[in-house]
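Asks: Turn this into a structure:
(2 chains)
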Amino acid sequence: MQWETVIGLEIHAQLATASKIFSGSATTFGAEPNTQASLVDLGMPGVLPVLNENAVRMACMFGLAVDAEIGERNVFARKNYFYPDLPKGYQTSQMDHPIVGRGFLDITLEDGTSKRIGITRAHLEEDAGKSLHEDFHGMSGIDLNRAGTPLLEIVSEPDIRSAKEAVAYVKAIHALVRYLGICDGNMAEGSLRCDCNVSVRPKGQAEFGTRAEIKNVNSFRFIEKAINHEVQRQIELIEDGGKVVQETRLYDPNKDETRSMRSKEEANDYRYFPCPDLLPVVIERSFLEELRTQLPELPVQKRERFEREFGLSAYDASVLSASREMADYFEQVNATCGDAKLAANWVMGELSSLLNKDNLDIEQSPVSAGQLGGLILRIKDNTISGKIAKMVFEALAGGEGASADEVIERKGLKQVTDSGAIEAMLDEVLAANAAQVEQYRASDEAKRGKMFGFFVGQAMKASRGKANPQQVNELLKKKLEG
Amino acid sequence: MHRLTLAQIARGLADKAFSAEELTRALLARIAEHDGTLNSFITVTEERALEQARAADARRAAGEQGALLGAPIAHKDLFCTKGVLTTCGSKILHNFVSPYDATVVEKLTAAGAVSLGKLNMDEFAMGSANESSHYGPVKNPWDLSRVPGGSSGGSAAAIAARLLPAATGTDTGGSIRQPAALTGLTGLKPTYGRVSRWGMVAYASSLDQAGPMARSAEDCALLLQAMAGLDPKDSTSVDQPVDDYLAALNQPLAGLRIGLPKEYFGEGLDARIADKVLAVVEVLKTLGATVKDISLPNTRHAIPSYYVIAPAEASSNLSRFDGVRFGYRCENPVDLTDLYKRSRAEGFGDEVKRRIMVGTYALSAGYYDAYYLKAQRIRRLIKNDFVEAFGEVDLILGPTTPNLAWKLGEKNADPVSAYLEDIYTITANLAGIPGLSMPAGFIDGLPVGVQLLAPYFQESRLLNVAHQYQQVTDWHKQAPESF
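Replies: Modelled structure (predicted):
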């Protein structure tokens, strides 16, 4: 049987506010346990929450960026359950009146086509603390530094049909929140986490299959693997005559498998009700209009501008706008060298393979945008050939010079464009290969074409790559035909 | 000295008739003498009180003035007080020493008030008799075999027995007004949001409000003046200027329109209490008030609505008492569930458990709409009743309680009969309006209270009417025989 996969994602993005959502404590990652937990974060008797306005602002920015309805009146609700790292015995979240309503995000698939993924809602809530199970001799420690960190939970429609699409969507959300500056997107530190709701159904069937939710997957790679594994598990289960049960599962990256955490029957009744300690938040139209004017250029807009302004292909434009850092880097290279096409080729070519090889982010690139722009300038003004440029690039990557010019100067890589010098060098090459010259001259046009390359090669070798290839071509042709 | 009111103390301290330290010592001695009988205090902070008194004397010597500078008070034991035990009348907080001060405590301390300690109360403010306290019941000074009312029963008994001139209380469904009525005091529940809830251990967050309890309206005005105001730490506190309550006391009552809701004089009300209340109306008429019959038609829904909303909020508010971070933890828990179950089962008393269970049920999936949402709709209707009534009258007047103080243990077997005692007070909490109870006479030697209700933020009106009444009557000056 042919199966179709249906996926909906819940992404938790930690908002990049300086302080927590309901208290004044700092939100810095990695501080000593419980040093960033105030009376409010500890859930002391008698304490009260005060909403961080900046968290609301950031949530609204996200709403505007995904063309969503933003509720004029939104309400915080308590989600009640007991857990040691949930100090109050409830999580302050939103239920019936989320801050961000229906919206959408267009993602670019691998084949270059675009797909629209619906966003059901996004709501504000507070993060819980962490339970620490090591170093406590059979007991558990509780670190409440993270308790109260603002989260935006972004819920997608079940519009996603494969693990690859899921990854593309998460990457697009990741890029978006980073563009907006509302989340640092650091998945390893848990700043962006993903719950994947996965089900399968026979192709052509309208109803959804029973879904399983895979909790807290925290890398693009694991999202893909966890979903693929889960899809396979469900298909095998059904084909063997079994039934998928609605449950929460956990992905174990070490074993590359998901396993059951709790079933629907064991699920908590969260007893949501409006939080009486917080007033409904009223978001005025004028606030949103003002905020709209402050939004940065978003990935989609940037992609369109790259196509329009620089004449880049849709694919190139989408790769270069995929992250704010990548786009900024590209634009800086372009600003330095004034050649968008060359800039795009170098960023997506040499630079990307260098970064991939060393598994680096573009912010960690050993070659700065200024350096790369300077290098391209020297290609454009014929100081070096493309081939030499790659050598210079590697030298820059290896830290062998502060600029392309310095590397070229120090290594004597400057291209030879003096036609007298090139002619003299060619004469030597032809003299050394007299037999081939004779053969060339005796051949017909088709054959000559093939042999010409041989002489170019010899000439470039003789000049150690420095002779201007165009001049070599022209002069060589003249001499051979002559 | 123990018979002095806050206003008289302020004059005495200003005239150097006595020092704050002398006064504090006298009251501490009185507490030591009588509180074994009454059980109104959970903690007496003797040394701290003397330190604060000496500090107040020093401030006064340095030229500072202030109506509460050196004034002895005490706090209901659900206001967090830094470095002092704050138990909420519960075993689950038997060892909880707060790391911070409630805003009310902070404000009164800043005003120079001397806190003598922490007052007994129904566990987590759940009760109308002060019998649910883990620290034992409080006795009514007017009859030691009777309850003082609750949940601010410790505050009421201590003031009535002249151990203190005034104290803080909190009122979620009548917990200031009802004990004030049953012990012959004046007590005010302010408008919801008038006084900060920061540091007040929550029972039902949307209903809880702190207020003053004292022997006169004037003293309540003095105390409220220092307690009220916007607090950035409490999102539900309201940004509304605080009136000059003392200045408002002396407004004449000519033209005051009083409404008598027929629902407050119906079945269930002790007829003798009705008579006392109507006698108050007659006095107010002589002061220039006019009287009109009104109706608050949704009154009969108030108790069912309250006993859904308050327990629902409580079930969530009390989740933090889980034995993990502070308070009581059971011995040798075998696992997490055991830790939760036994810490809470052993730490909470019956009434608290009852309300947690009711609230949990009311919020459960499938019941939420039928209970919680419906109760909220009733709440809106009750509020609308008042808004409409206050279109016609300036003040609503009626009994504070349907009955006199009952015998200790009398209603233990039937919690609902105790719930019904809150019938006249609960509506003000549901609507959020201010309410005051003041003494209206005695029946069989037991105090009777009359309740005044006013529109939002008109605490000054309540205090004004009560004060004017107290200028021409002396019910509020009566002391129980043995105190």
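Asks: Give the buried residues for stretch B:419-439.
Replies: Going by neighbour count (16 or more other Cβ atoms under 10 Å in any protein chain shown), the buried part of stretch B:419-439 is B:419, B:421-439. The C-beta positions use only the backbone N, C-alpha and C, and glycine is treated the same way.
Asks: Then stretch B:439-459?
Replies: Residues of stretch B:439-459 classed as buried: B:439-441, B:446-459 (neighbour count, 16+ other Cβ under 10 Å).
Asks: what about that stretch, near chain A?
Replies: No. Judged by Cβ under 8 Å from any Cβ of the partner chain, stretch B:439-459 stays clear of chain A, getting no closer than 15.6 Å.
Asks: Figure out the length between the terminal residues of that stretch.
Replies: Separation of the first and last residues of stretch B:439-459 by Cα to Cα, to the nearest Å is 17 Å.
Asks: burial measure for B:L207, as a count.
Replies: Look at B:L207: counted by other Cβ atoms under 10 Å in any protein chain shown, it has 26 neighbours.
Asks: list the contacts for it?
Replies: B:L207 sits next to B:T172, B:G173, B:Y192, B:Y306, B:I309, B:A310, B:E313, B:N429, B:L430 when contact means Cβ atoms under 8 Å, 6 or more residues apart in numbering or on different chains.
Asks: Kindly state the pLDDT recorded for the fifth one?
Replies: So that's B:I309. B:I309 carries a pLDDT value of 98.
Asks: how close does the nearest residue in space to B:F483 that is not next to it in sequence get to chain A?
Replies: Spatially, and ignoring its direct neighbours in sequence, B:F483 is nearest to B:A161 (4.2 Å; Cβ to Cβ, 6 or more residues apart in numbering or on different chains). B:A161 is 28 Å from chain A, where distance means Cβ to the nearest Cβ, to the nearest Å.
Asks: pretty sure B:A161 contacts B:L185?
Replies: No. Using Cβ atoms under 8 Å as the test, B:A161 is too far from B:L185 to be in contact (10.8 Å).
Asks: For those two, work out which one has more neighbours and name it.
Replies: B:L185 (33 against 26).
Asks: Need the contact partners of stretch A:106-117.
Replies: Contact with stretch A:106-117 is made by A:104-105, A:156-157, A:159-160, A:164-165, A:168-169, A:171-172, A:300, A:314-315, A:318, as judged by Cβ under 8 Å, 6+ apart.
Asks: Please apply the same query to stretch B:216-223.
Replies: The contact list for stretch B:216-223 (Cβ under 8 Å, 6+ apart) reads B:5-7, B:10, B:67-68, B:71, B:73, B:108, B:165-166, B:168, B:186-188, B:211-214, B:245-246, B:248-249, B:436, B:438, B:462-464, B:466-467, B:469-470, B:476.
Asks: let's go with 7 Å and repeat that
Replies: Contact with stretch B:216-223 is made by B:5-7, B:67-68, B:165-166, B:186, B:188, B:212, B:214, B:245-246, B:249, B:438, B:463, B:466-467, B:470, B:476, as judged by Cβ atoms under 7 Å, 6 or more residues apart in numbering or on different chains.
Asks: taking those residues one by one, which sit in helices?
Replies: Among the contacts of stretch B:216-223, DSSP state H puts B:L6, B:A7, B:Y245, B:L246, B:L463, B:A466, B:H467, B:Q470 in helices.
Asks: quick one: which of the contacts of stretch A:106-117 has the most company?
Replies: Top of the contacts of stretch A:106-117 by neighbour number is A:I160, holding 27 neighbours under the definition other Cβ under 10 Å.
Asks: these two touch, right, it and A:Y169?
Replies: Yes. If you go by Cβ atoms under 7 Å, A:I160 and A:Y169 touch, sitting 5.9 Å apart.
Asks: can you list residues touching both of the two?
Replies: A:L9, A:I117.
Asks: What residue in chain A comes nearest to chain B?
Replies: At 2.3 Å from chain B, A:G89 is the closest residue in chain A, using Cβ to the nearest Cβ.
Asks: Return the per-residue confidence for that residue.
Replies: For A:G89, the model assigns a pLDDT of 97.
Asks: quick one, what contacts it?
Replies: A:G89 is in contact with A:N80, A:F82, B:S319, B:R320, B:D322, counting by Cβ under 7 Å, 6+ apart.
Asks: Make sure I have this right: A:N197 is in a helix.
Replies: No. With DSSP: H, G, I helix; E, B strand; the rest coil as the criterion, A:N197 is located in strand rather than a helix.
Asks: give me the beta-bridge partners of it?
Replies: For A:N197, the beta-bridge partners under DSSP bridges are A:G8, A:E213.
Asks: likewise the one 5 residues further on?
Replies: Under the criterion DSSP bridges, A:P202 forms beta bridges with A:W3.
Asks: Could you check how many residues crowd around it?
Replies: A:P202 sits with 12 neighbouring residues when counted by other Cβ under 10 Å.
Asks: isn't it right up against A:W3?
Replies: Yes. Here A:P202 reaches A:W3: they are 6.5 Å apart, a contact under Cβ under 7 Å.
Asks: Pull the contacting residues for residue 321.
Replies: You didn't pick a chain, so chain A it is. By Cβ under 7 Å, 6+ apart, A:S321 lies in contact with A:P299, A:K302, A:R303, A:F306, A:A327.
Asks: not quite, I wanted chain B
Replies: B:F321 sits next to B:I92, B:G327, B:R344, B:G347 when contact means Cβ under 7 Å, 6+ apart.
Asks: now the second one: how far from B:L318?
Replies: In this case it means B:G327. B:G327 sits 11 Å away from B:L318, taking Cβ to Cβ, to the nearest Å as the criterion.
Asks: who's more crowded, those two?
Replies: Remark: of B:G327 and B:L318, B:L318 carries more neighbours, 27 against 21, as counted by other Cβ under 10 Å.
Asks: Report pLDDT for the more buried one.
Replies: Note for B:L318: predicted pLDDT of 98.
Asks: Check for me that it belongs to a helix.
Replies: Yes. Counting by three-state DSSP, B:L318 falls inside a helix.
Asks: Just give me how far the helix or strand B:V358 falls within sits from the chain centre.
Replies: According to DSSP states H and E, B:V358 maps onto helix B:350-363. When distances are taken as Cα atoms, centre = their mean, to the nearest Å, helix B:350-363 is centred 22 Å away from the chain's centroid.
Asks: hmm, it touching chain A?
Replies: Yes. Applying Cβ under 7 Å from any Cβ of the partner chain, one finds helix B:350-363 touching chain A at B:T360, B:L363.
Asks: Report all helices and strands that that helix contacts.
Replies: helix B:302-317 (3 or more Cβ pairs under 7 Å, 6 or more residues apart in numbering or on different chains; DSSP states H and E).
Asks: Around the residue of the stretch 201-350 of chain B found nearest chain A, how many other residues sit close by?
Replies: Closest contact between the stretch 201-350 of chain B and chain A, by Cβ to the nearest Cβ, is at B:S319 (2.3 Å). Number of residues near B:S319 (other Cβ under 10 Å) recorded here: 22.
Asks: So for A:A147, what's the nearest residue that isn't a sequence neighbour?
Replies: Spatial nearest neighbour of A:A147, excluding adjacent residues (Cβ to Cβ, 6+ apart): A:G129 at 3.9 Å.
Asks: What score does the one you found have for pLDDT?
Replies: If you check A:G129, the pLDDT there is 95.
Asks: I'd guess A:L105 is in a strand, am I close?
Replies: Yes. Counting by three-state DSSP, A:L105 falls inside a strand.
Asks: May I have the phi/psi pair for the residue nearest to A:A147?
Replies: phi -80, psi -160 (degrees, to the nearest 10).
Asks: Flag every residue of chain B that's near chain A.
Replies: Chain B comes close to chain A at residues B:80, B:93, B:96, B:99-100, B:102, B:197-201, B:205-206, B:232-236, B:312-313, B:316, B:319-320, B:322, B:324-325, B:336, B:340, B:360, B:363-365, B:372, as judged by Cβ under 7 Å from any Cβ.
Asks: Let's see the PyMOL selection covering just the buried ones among those.
Replies: Burial among those is assessed by 16+ other Cβ under 10 Å; the matching PyMOL selection reads:
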select buried, chain B and resi 80+93+96+100+102+197+198+199+200+201+205+206+233+234+235+236+312+313+316+319+320+322+324+336+340+360+363+372
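Asks: Sounds good, over and out.
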